[in-house]
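K.L.:
Next one to model:
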Amino acid sequence: MQLYGNKNDGKHTGDRRPKSEEEFAAEQRAVDEAMRGNRSGKRKKRKKKGSAVKKILLAILIIAALAAAAWFIFVEFFTEAPEVAPEGREDGKFTFLIVGLDKVGNNTDTIMVARFDTKNDNINVVSLPRDTLINSESSVKKINSVYPASINNGGDGYTALAAAVEKMLGFKVDHIVVIDIQAAAEIVDTIGGVEFDVPVNMNYDDPTQDLHIHINKGLQRLNGEQTVQVLRFRATYGMGDIDRIDVQQSLFRTMASQLISLGNIPNIDELISIAENRVVTYNTHTGKPLTGDNIRYFLKEFLDLSGEDIQFMKMPALNSYCGEICKVSYVFPDIGAWVDMVNERINPYDEKVSYEDLDMVTVMNGNFYYTTEPLRGGVTSFYLYSSYPNVANYGILPYSSILTDEGDN
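P.N.:
Okay, the predicted model is just below:
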């Protein structure tokens, strides 16, 4: 018999009377407040978690900023300009011979001379046509033949080419840079390709060189291999290599502008690695390659430029760039205009050069004109001379600055 309270699983819970409405409402309010407290606690915990993430991100940003600052300080204050001959030099001016090698036969597919003025922030680049006539004893008296001839005779190629260019400049260039096709392709891929407006449909196949070019006309992003193909193509140009120089310079200008852009700064170390491992560099004053520190110095200075600070030109020539000797194509330099261009755009010295400082030869009005040394080997030394003996009628005369297209000395 149950005497007190209700029975619940055999336990007495005591007297339980019905709750009033006021009591029930009070209990409900207590439950609601407890639940709100729990939710608030959870929100506070989430807030604390978000705050921790923000602190981590802030720390990462600070570390990245410190690393960038350290890199900037290192590049700005601990990179060194390469050694140059100090006598008579204008401060901050460095000269380069830049050579692009073809895939076959050690041919110099591209030859340029440049002056980098790090004080006034500009670069001038002059292309030398491959068929430029030079004063050489070789039967093929072209600037393009110097490099392979040196290789075939056990030389390194680039020092012989630099010596030939020195005769055209009147002074020694500071640095030689030799870039082969693979290195050029890697450089372009490293900067993410290059967006370029290809001027013509390029279709050319040469199985002997394993060269196959098929690129459509129009604006497009070229990868490394395609960029090299555009640089090499000249099959349908009316002026052959001369027109190709114009396309090359337009592409180089586009590549330079893209490299200067901020988006490519993170790739500097990779570019330096390619330059150190796949590009031949040579300081003509020390006889040593450019160091990674030297390359970093030039890259740092280069990235301070804008696209408008880089100017491309071609060597001035006579006869609209086209001429022949014994049915072999040559480009005849306009020596007077060339001397002016060298002094204005390339010469790093206080003293100007004159045509009397050069060892050059050109053809004008059926005569050879030389600056300091008569035509080496004479007219009979030209390739295929025996088939075209009319060249014997050419005179070999000293050059004078008053010579023009219209008349002799």
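K.L.:
where exactly do the strands run in the stretch 301-409 of the chain?
P.N.:
For the stretch 301-409 of the chain, the strands defined by DSSP state E, counting those that start in this stretch occupy 310-314, 323-325, 328-330, 361-364, 367-370, 395-398.
K.L.:
most neighbours per residue, which of those strands?
P.N.:
strand 361-364 (a mean of 23; mean count of other CB atoms under 10 Å). Every C-beta, even on glycine, is put in place using the N, C-alpha and C of the backbone.
K.L.:
I'd like the average pLDDT over that strand.
P.N.:
Averaged over strand 361-364, pLDDT sits at 94.
K.L.:
Parallel or antiparallel, list what pairs with that strand.
P.N.:
Sheet pairing of strand 361-364 (DSSP bridges) gives strand 367-370 (antiparallel).
K.L.:
Centre of the chain to the strand it pairs with, how far?
P.N.:
With CA atoms, centre = their mean, to the nearest Å as the basis, strand 367-370 stands 37 Å off its chain's centre.
K.L.:
Now do the same contact list for the most centrally placed residue in the chain.
P.N.:
By CA atoms, centre = their mean, the chain has its centre lying nearest to Ala256, at 5.8 Å. Ala256 is in contact with Gly307, Ile310, counting by CB atoms under 8 Å, 6 or more residues apart in numbering.
K.L.:
continuing past the helix or strand that contains it, what's the next helix or strand?
P.N.:
Using DSSP states H and E, Ala256 falls within helix 241-260. Per DSSP H and E, the first helix or strand lying C-terminal to helix 241-260 is helix 268-278.
K.L.:
between that next one and helix 241-260, what angle do the directions make?
P.N.:
Helix 268-278 and helix 241-260 are oriented at 140 degrees to each other (axes from the mean of the first three to the mean of the last three CA atoms, to 10 degrees).
K.L.:
Would you mind pulling the contact partners of helix 268-278?
P.N.:
The contact list for helix 268-278, computed with CB under 8 Å, 6+ apart, reads 180, 182-183, 186-187, 190-191, 281, 290, 292, 295-296, 299.
K.L.:
model confidence over that helix, on average?
P.N.:
Mean predicted lDDT for helix 268-278 stands at 85.
K.L.:
And the next helix or strand past it?
P.N.:
Scanning forward in sequence from helix 268-278 by DSSP H and E, the next helix or strand is strand 279-283.
K.L.:
Next up, the contacts around the residue nearest to Tyr369 when sequence neighbours are not counted.
P.N.:
The shortest distance from Tyr369 to any non-neighbouring residue, by CB to CB, 6 or more residues apart in numbering, is to Tyr399 (4.2 Å). Residues in contact with Tyr399, defined by CB under 8 Å, 6+ apart, are Ile335, Tyr355, Met360, Thr362, Tyr369, Tyr370, Thr371, Asn409.
K.L.:
The same query, at a cut-off of 7 Å, please.
P.N.:
Counting by CB atoms under 7 Å, 6 or more residues apart in numbering, Tyr399 makes contact with Ile335, Tyr355, Tyr369, Tyr370, Thr371.
K.L.:
can you list the residues you listed in TSV and add pLDDT and distance to Asp131?
P.N.:
Rendered in TSV, the data for the contacts of Tyr399 read as follows (pLDDT from 0 to 100; distance: CB to CB, whole Å):
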residue	pLDDT	distance to Asp131
Ile335	96	16
Tyr355	95	21
Tyr369	96	18
Tyr370	97	18
Thr371	97	19
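K.L.:
all helices in the stretch 301-409 of the chain, in order from the N-terminus.
P.N.:
Counting by DSSP state H, counting those that start in this stretch, one finds helices in the stretch 301-409 of the chain at the ranges 335-341.
K.L.:
ok so, going back, among the contacts of helix 268-278, which ones are buried?
P.N.:
Buried by 16 or more other CB atoms under 10 Å: Asp180, Ala183, Glu186, Ile187, Thr190, Ile191, Thr281, Leu290, Ile295, Arg296, Leu299, out of those.
K.L.:
Just those: which are in helices?
P.N.:
Taking DSSP state H as the definition of helices, the buried ones among the contacts of helix 268-278 contribute Ala183, Glu186, Ile187, Thr190, Ile295, Arg296, Leu299.
K.L.:
ok, back up a step: output the helix holding Ala256 as CSV - backbone C-alpha positions only.
P.N.:
Extracted C-alpha coordinates of helix 241-260, given in CSV (Å, rounded to 0.1, in the frame of the first residue of the first chain):
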residue,chain,number,x,y,z
ASP,A,241,67.0,38.2,-93.0
ILE,A,242,66.4,42.0,-93.0
ASP,A,243,62.7,41.5,-92.6
ARG,A,244,63.3,38.8,-90.0
ILE,A,245,65.4,41.2,-87.9
ASP,A,246,62.3,43.5,-87.7
VAL,A,247,60.2,40.6,-86.5
GLN,A,248,62.9,39.5,-84.0
GLN,A,249,63.2,43.0,-82.6
SER,A,250,59.5,43.3,-82.2
LEU,A,251,59.4,40.0,-80.4
PHE,A,252,62.4,40.9,-78.2
ARG,A,253,60.7,44.2,-77.2
THR,A,254,57.5,42.3,-76.2
MET,A,255,59.6,39.7,-74.2
ALA,A,256,61.5,42.5,-72.4
SER,A,257,58.3,44.3,-71.5
GLN,A,258,56.8,41.1,-70.1
LEU,A,259,60.0,40.3,-68.2
ILE,A,260,60.0,43.8,-66.6
